[in-house]
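S.K.: Coordinates for the following, if possible.
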Amino acid sequence: MFSQLSFDSYLNNIFFNVFSEISDLNIKNFIKTFAPALIRPLERQTEWTIYPKKQFSTIQFNIAHSYFFKSHPFFEAPIEEGEFKIYTSFDRFLKNQNKMDIKNIEVIMKFNKKKDANKWFNKIRTDLSELSEENIFYEDKSGKYFVKWGKSSSYRVPSQLKVQLITIDGRNPLYQLKLFVN
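M.R.: Residues are numbered from 1 along each chain as shown. Here you go, the predicted model:
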């Protein structure tokens, strides 16, 4: 199913369609409240402004907003819990406090079984193999990690996807698949 999509479409599906005009209904109110910039069209800057050195100081606040889910609308993965997380930043000295920067967007899926987490990590990597270029891959005792770059991407959808599989065995095992763009 996903192998016929473009890189942009695949990323958009992973992230609940937040990079399109029509985000998934389950998170629409969450996006409207915590990341309205994803709903409105991007404002294009057409000119540069030069500021004198040390004219003003800024203090930025970074905030994480989370939406939890039990099933992903585009993956039929046997997850225990999922989290859609947006990191925003704003400057307390800006006159318009509605201007929040989106720093990072993540989808985290927690699995009960290590083999399920591995299966979905490998599936996403395989699905994207024809749609993107991989420039980083590594594996160690605590998991796997890869970065994929879209061969062609639109301005609304990020051109890079990072995927990390965290597997920690033991008394309280953790099998977590983390997908993020920034």
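S.K.: Kindly list the longest helix within the chain.
M.R.: Of all segments of type helix in the chain, defined using DSSP state H, the longest is helix 114-127.
S.K.: mind listing the strands for this structure?
M.R.: With DSSP state E as the criterion, the chain has strands at 60-69, 79-91, 101-111, 132-140, 143-150, 160-168, 174-181.
S.K.: Just the angle for the second one relative to strand 101-111, thanks.
M.R.: Using axes from the mean of the first three to the mean of the last three C-alpha atoms, to 10 degrees, the interaxial angle of strand 79-91 with respect to strand 101-111 works out to 170 degrees.
S.K.: Partner strands of strand 79-91, with direction?
M.R.: strand 60-69 (antiparallel), strand 101-111 (antiparallel) (DSSP bridges).
S.K.: can you give me the mean pLDDT across the shortest one?
M.R.: The reference is to strand 60-69. Averaging the model's pLDDT scores along strand 60-69 yields 86.
S.K.: starting at the chain centroid, how far to that strand?
M.R.: 12 Å (C-alpha atoms, centre = their mean, to the nearest Å).
S.K.: any idea which of the strands paired with strand 79-91 is most buried?
M.R.: Among the strands paired with strand 79-91, the stretch with the highest mean neighbour count (mean count of other C-beta atoms under 10 Å) is strand 101-111, at a mean of 19. C-betas here are computed from N, CA, C, even on glycine.
S.K.: what's in contact with it?
M.R.: 14-16, 18, 35, 37-38, 62, 72, 75, 77-90, 117, 120, 174-182 (C-beta atoms under 8 Å, 6 or more residues apart in numbering).
S.K.: CA atoms only for it - export them in CSV, please.
M.R.: Once non-C-alpha atoms are left out, strand 101-111 reads as follows in CSV (Å, rounded to 0.1, in the frame of the first residue of the first chain):
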residue,chain,number,x,y,z
ASP,A,101,7.9,28.3,15.9
ILE,A,102,7.6,24.6,15.5
LYS,A,103,10.9,23.0,16.4
ASN,A,104,10.3,19.3,16.1
ILE,A,105,7.5,16.9,15.4
GLU,A,106,7.6,13.3,16.5
VAL,A,107,5.5,10.1,16.4
ILE,A,108,6.4,7.6,19.0
MET,A,109,5.0,4.1,19.0
LYS,A,110,5.5,1.8,22.0
PHE,A,111,5.4,-2.0,21.4
